[in-house]
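> Turn this into a model:
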Amino acid sequence: MKKLITLFCFHFFLFAQAQEYSSTNIHSHNDYAGKLPFYEAYSNETGVIEADVFIVNNDLPVAHTSKEITTYNTLRSMYLDPLSNKLKTLGGKAYQSSKPLILMIDIKTEAEPTLKLIVQQLKLYPDLISNKNLKVVISGNRPSPSNWKEYPEFIYFDGRLNENYSPEQLSRVEMISEDLKEITVWNGKGVMTQPDSEKVQAIIKKVHDQNKKIRFWGTQDNVNTWMTLMTLKVDYIATDNVPALTQFINNIKTTFYQNTEFHQAYLPKNGSSFSKKKPKNIILLIGDGMGLTQIYAGYTANKGQLSLFNIPTQGLSITKSSDSYITDSAAGATAMATGHKTNNRFISVDENGKPLELITQQLAKKNYKTAIISAGNITDATPAAFYAHQQDRSYSEPIAQDFLANPSDILIGGGPKEFYSRKDGKDLSKILIEKGYTFSDKFSSLDTIKNDKFIVLDDASVVSMKAGRGDFLAKSLAKATSTFSKSKNPFFIMAEGAQIDYGGHQNNVEYVVREMLDFDKVVGQAMEFVDKNPETLLIVTADHETGGLSLIDGSIEKGYVHGSFSTNDHTAVSVPVFAYGPGAQNFMGVYQNIAIYTKMLEVLFAK
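Numbering: from 1, shown residues only. Here you go, the predicted structure:
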């Protein structure tokens with residue numbers, strides 16, 4: 001048990017430690033071997049830039065091995081000259097941000113004569129050796145510590161674990177370095193063994209107790225290694241890919257989320273009693289951008305609880321559009337609203353722009369009440385596909401006008417201006433009121449509306465969960481179901497968790513997780529409604545996945561998630577379909593997204 005707790009804590013503190021890291025903690029290993037020596041590391045403001053040098057013909061060529069030596073790649077030309085120019089440009093600062101810089105010179109030839117020449121060359125740059133923002137640290141073949149006092153004060157040294165230093169010698173040690181392979185056989189994948197982890201932590205503590213910084217060489221250059229070294233509080237992370245490590249460190253705050261608000265998942269009550277029943281009503285919940293990873297991130301952040309995972313029936317929807325391997329929300333929602341594949345950006349029209357009959361239109365003919373709800377703008381692609389017909393999802397005002405011809409009873413979301421502050425001067429709200437709707441641009445009015453036909457559009461109420469949206473989606477669904485329950489007519493409700501997608505586009509794990517958990521609360525609410533109203537079928541799915549999210553660390557026990565995104569756009573991965581209630585078994589298997597539409601009509605009207 002002690003080992004499990006230690007390993008858990010080891011990973012849990014990553015975020016707290018990573019918050020302290022910046023590019024100052026980056027060691028540009030073998031910098032001269034990169035595509036753009038010095039300048040790439042410098043532009044990313046790395047803390048340490050390393051150059052290996054040889055003494056050849058009274059000069060200091062920079063190379064990894066003697067076979068790679070050229071006469072023109074020298075310490076002066078590649079590092080001292082450009083560094084001097086930068087300091088002059090910045091008025092003595094090493095970096096514009098005032099961060100410090102270490103130039104590590106790794107000696108590959110005999111220590112004393114090579115260092116003597118290094119000192120001679122450095123003295124040609126008084127602006128470098130007198131600069132408080134810059135330190136020169138000698139690594140590799142170093143003189144004996146007993147001789148360090150013979151070298152100028154501007155020379156510091158890279159210490160070793162197996163060397164014992166006097167107080168005077170220790171004052172010349174800038175950092176202590178070691179080959180990680182001498183300590184552990186860990187290859188940068190997975191986690192270290194408990195004994196190795198304890199050994200490494202003891203070494204780091206010993207170095208830190210001397211008020212010195214530590215770095216390891218021989219480390220793997222991948223995300224898992226970077227994470228592990230940061231968790232261990234290693235001061236300098238060596239890399240041959242400075243831009244990638246810089247980006248990783250800079251993105252930590254948006255790719256890591258520690259949840260603090262947890263909800264109880266809903267447990268289904270009537271799962272086995274639905275098999276022989278036929279649904280009268282349908283609630284379709286669409287988590288925009290919600291793939292399996294987004295769902296599991298929510299499960300992890302909610303400490304292993306998710307209403308969605310308590311739904312016993314699952315399938316997979318293939319989301320490809322007519323003209324693209326990767327769908328957008330317009331084509332994805334059109335498939336579910338009409339049963340037809342179409343081109344990306346098309347709103348419930350076919351590939352030739354011809355309007356397709358909507359499920360809301362078909363059900364209205366059979367006296368169904370219908371509602372369309374979104375935790376985003378109601379003219380955005382997903383909700384629009386259930387009431388509009390346009391050849392481009394960006395046509396917000398024409399999309400809004402299309403609602404005039406749609407029979408839906410309830411519309412809740414954002415986007416009031418598309419209805420009454422339009423470029424064409426029309427005030428659709430007045431027309432809709434004449435048609436019998438109650439129209440409001442204040443979400444606070446929802447509870448006071450008595451009419452069974454209403455539109456509530458309020459931009460301030462559809463901000464992100466991070467920005468304080470609150471239980472907008474839950475209240476909206478509750479209002480729709482309570483309103484429809486007063487009628488003997490069957491109903492169809494589509495409610496969209498719009499902003500899981502937004503978080504994916506922003507590559508922000510907190511955004512994704514908080515939106516996912518809000519959506520899951522609504523899923524639980526809908527499951528409870530089904531249990532109390534067993535003629536209702538609940539379907540939960542997505543139009544596509546957004547962000548190419550993968551989970552690279554997390555803790556179900558503590559509710560934290562660390563993710564990595566492969567894109568800021570949609571992906572082609574198939575998305576889950578969950579179904580609960582009578583007819584749910586029809587949604588098992590793997591099928592095209594258009595089958596969701598077909599299956600809904602089949603379970604409602606099959607004889």
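> Backbone dihedrals for the residue nearest to residue 175 when sequence neighbours are not counted, please?
Using Cβ to Cβ, 6 or more residues apart in numbering and skipping residues adjacent in sequence, the residue nearest residue 175 is residue 213, 4.4 Å away. The C-beta positions use only the backbone N, C-alpha and C, and glycine is treated the same way. Note on residue 213: its backbone torsions stand at phi -90, psi 160 [degrees, to the nearest 10].
> What does residue 355 show for phi and psi?
Dihedral angles (degrees, to the nearest 10) for residue 355: phi -60, psi 140.
> What does the pLDDT read for it?
What the model reports as pLDDT for residue 355 is 98.
> In this structure it contacts residue 349, no?
Yes - under the criterion of Cβ atoms under 8 Å, residue 355 makes contact with residue 349 at 5.4 Å.
> The closest residue in space to residue 574 that isn't next to it in sequence pairs with what?
The shortest distance from residue 574 to any residue other than its chain neighbours is 4.6 Å, reached at residue 316 (Cβ to Cβ, 6+ apart). Beta-bridge partners for residue 316, by DSSP bridges, are residue 576, residue 590.
> List the contacts of residue 316.
Counting by Cβ atoms under 8 Å, 6 or more residues apart in numbering, residue 316 makes contact with 574-577, 589-591.
> Same check on residue 422?
With Cβ under 8 Å, 6+ apart, residue 422 has these contacts: 397, 400, 428.
> neighbour-wise, which of those leads?
Counting neighbours by other Cβ atoms under 10 Å, residue 400 comes out on top of those with 26 neighbours.
> So which elements touch whatever helix or strand it lives in?
Element membership of residue 400 [criterion: DSSP states H and E] is helix 396-402. Counting by 3 or more Cβ pairs under 8 Å, 6 or more residues apart in numbering; DSSP states H and E, the packing neighbours recorded for helix 396-402 are helix 417-420.
> Pairing partners for the nearest residue in space to residue 480 that is not next to it in sequence in the sheet, please.
Among residues not flanking residue 480 along the chain, residue 371 sits closest, at 4.2 Å (Cβ to Cβ, 6+ apart). Following DSSP bridges, residue 371 is listed with bridge partners residue 410, residue 493.
> Same question for residue 176, what's its three-state structure.
strand (DSSP: H, G, I helix; E, B strand; the rest coil).
> Now do the SS call for the nearest residue to it once chain neighbours are set aside.
What sits nearest to residue 176 in space, not counting adjacent residues and going by Cβ to Cβ, 6+ apart, is residue 159, at 4.0 Å. On the three-state scheme (three-state DSSP), residue 159 is labelled strand.
> Can you tell me the number of residues neighbouring residue 159?
Counted with other Cβ under 10 Å, residue 159 comes out at 26.
> how about it, what does it touch?
By Cβ under 8 Å, 6+ apart, the residues touching residue 159 are 165, 170, 173-177, 212.
> Going through those, which ones are buried?
The neighbour count (16 or more other Cβ atoms under 10 Å) marks 165, 170, 173-177, 212 as buried among these.
> re earlier: what is the mean pLDDT for the helix holding residue 400?
Helix 396-402 carries an average pLDDT of 98.
> which other residues reach it?
347, 377-379, 384, 387-390, 393, 415, 418-419, 422-424, 426, 428.
> can you check stretch 480-491 too?
By Cβ under 8 Å, 6+ apart, stretch 480-491 touches 280-283, 363, 366-371, 373, 409-410, 412, 452, 493, 495, 529, 533, 604.
> redo that, cut-off 7 Å
Stretch 480-491 has contacts (Cβ atoms under 7 Å, 6 or more residues apart in numbering) with 280-281, 367-371, 373, 410, 452, 493, 529.
> Quick one, which of those residues are buried?
280-281, 368-371, 373, 410, 452, 493, 529.
> can you redo the contacts of residue 422 as a markdown table with distance to residue 311?
As requested, those are exported to a markdown table (distance: Cβ to Cβ, whole Å):
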| residue | distance to residue 311 |
| --- | --- |
| 397 | 38 |
| 400 | 34 |
| 428 | 38 |
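> Could you single out the nearest of those to residue 553?
residue 400 (43.7 Å; Cβ to Cβ).
> Give me the neighbour count for the nearest residue to that closest one once chain neighbours are set aside.
By the measure of Cβ to Cβ, 6+ apart, the closest residue to residue 400 outside its immediate chain neighbours is residue 418, 4.1 Å from it. Using other Cβ under 10 Å, residue 418 has 21 other residues around it.
> From residue 444, how far out is residue 418?
20 Å (Cβ to Cβ, to the nearest Å).
> my read: residue 41 touches residue 242, true?
Yes - under the criterion of Cβ atoms under 7 Å, residue 41 makes contact with residue 242 at 5.2 Å.
> Can you list the low-confidence ranges for this protein?
1-19, 271-272 (pLDDT under 70).
> Recalculate using a threshold of 80.
The chain contains residues with pLDDT under 80 at 1-19, 270-273, 275-276, 607.
> if we can go back for a sec, and residue 355 and residue 349? which has more neighbours close in?
It is residue 349, of residue 355 and residue 349, that has more neighbours when counted by other Cβ under 10 Å, with 22 against 16.
> ok, the more buried one to residue 240 distance?
As for residue 349, its distance to residue 240 is 51 Å (criterion: Cβ to Cβ).
> got it, and residue 87?
Where residue 240 is concerned, residue 87 sits at a distance of 26 Å (Cβ to Cβ).
> more neighbours, the two?
Taking other Cβ under 10 Å, residue 87 and residue 240 do not tie; residue 87 has more neighbours (20 against 13).
> Just give me the neighbour total for the spatially closest residue to the more buried one that is not a sequence neighbour.
Nearest residue to residue 87 in three dimensions, chain neighbours excluded: residue 127, at 5.5 Å (Cβ to Cβ, 6+ apart). Neighbour count for residue 127, taken as other Cβ under 10 Å: 13.
> Assess the claim that residue 127 and residue 84 are in contact.
Yes - the pair residue 127 / residue 84 is scored as a contact, 5.8 Å apart, by Cβ under 7 Å.
> one step back: and the furthest pair within the contacts of residue 316?
Pairwise over those, using Cβ to Cβ, the maximum falls at 575 and 589, 13.8 Å.
> between those two, who's got more neighbours?
Neighbour totals were compared for residue 575 and residue 589, and residue 575 leads with 26 against 12 (other Cβ under 10 Å).
> Now for the nearest residue to the more buried one once chain neighbours are set aside, how many residues are close by?
Closest residue to residue 575 apart from its sequence neighbours, by Cβ to Cβ, 6+ apart: residue 542 at 4.1 Å. By the criterion of other Cβ under 10 Å, residue 542 has 31 neighbours.
> And for residue 70?
9.
> Could I get the contacting residues of the nearest residue to it once chain neighbours are set aside?
Of all residues not flanking residue 70 in the chain, residue 61 sits nearest, at 6.5 Å (Cβ to Cβ, 6+ apart). Residues near residue 61 by Cβ under 7 Å, 6+ apart: 53-54, 69-71, 73-74.
> are any of the residues you listed buried, and which?
Buried among the contacts of residue 61 (16+ other Cβ under 10 Å): 53-54, 69, 74.
> just these now: which is nearest residue 511?
Checking those one by one against residue 511 (Cβ to Cβ), the nearest turns out to be residue 53, at 47.3 Å.
> beta partners of the closest one?
Counting by DSSP bridges, residue 53 is bridged to residue 62, residue 107.
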